[in-house]
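Trainee: Build the 3D model from these lines:
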Amino acid sequence: MELSEHATVPVINALTHAHHPCQGLADVMTIRERFGDPRGMRAAYVGDGNNCCHSLMVAGAHLGMEVVAGCPDGYLPDPEVVRQACAGSQKRQARWARDCAARRQFSRTVSGRKMLLR
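Mentor: Reported below is the predicted structural model:
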């Protein structure tokens, strides 16, 4: 059975392997509710560089946030999504846009492990 066939409210599912925009929106709404205006705020994402990570990076860039992702080697975010987030950040003059190009180095050794630092 499809959920939308039995729901009394609209059902939105924009989930793909590359993006999870509903999760990204929920994350930034929670950040805004809890901490206020997210512009200039730094958020840390720790985990696989998956669709949730991608959506938080893109949403954060649109809102002027700095999103730092710590991802294990082999599970880094898609470099194209990182580039898009950096480009979006630059267009919106987010606090960290000035050095975003330098951060295109996708991995760095942290405590002897390869991690994404963005």
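
Trainee: Of all the residues in stretch 50-69, which ones are buried?
Mentor: For stretch 50-69, the neighbour count (16 or more other C-beta atoms under 10 Å) marks 50-69 as buried. C-beta: built from backbone N, CA, C; applies to glycine.

Trainee: how about the helices in this protein?
Mentor: Remark: helices assigned in the chain by DSSP state H are 3-6, 21-35, 51-63, 79-91.

Trainee: Tell me which of those helices sits most buried.
Mentor: Highest mean neighbour count among those (mean count of other C-beta atoms under 10 Å): helix 51-63, with a mean of 24.

Trainee: who's in contact with Pro21?
Mentor: Going by C-beta atoms under 8 Å, 6 or more residues apart in numbering, Pro21 touches Ala14, Ser55, Ala59.

Trainee: at 7 Å what do you get?
Mentor: Ala14, Ser55 (C-beta atoms under 7 Å, 6 or more residues apart in numbering).

Trainee: How about the one 3 residues further on?
Mentor: Listed by C-beta under 7 Å, 6+ apart, the contact set of Gly24 reads Ser55, Leu56, Val58, Ala59.

Trainee: redo that, cut-off 8 Å
Mentor: By C-beta under 8 Å, 6+ apart, Gly24 lies in contact with Cys52, His54, Ser55, Leu56, Val58, Ala59.

Trainee: CSV please, covering those residues and showing distance to Ala85 and pLDDT.
Mentor: As requested, those are exported to CSV (distance: C-beta to C-beta, whole Å; pLDDT from 0 to 100):
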residue, distance to Ala85, pLDDT
Cys52, 14, 96
His54, 8, 95
Ser55, 10, 96
Leu56, 9, 95
Val58, 5, 93
Ala59, 9, 93
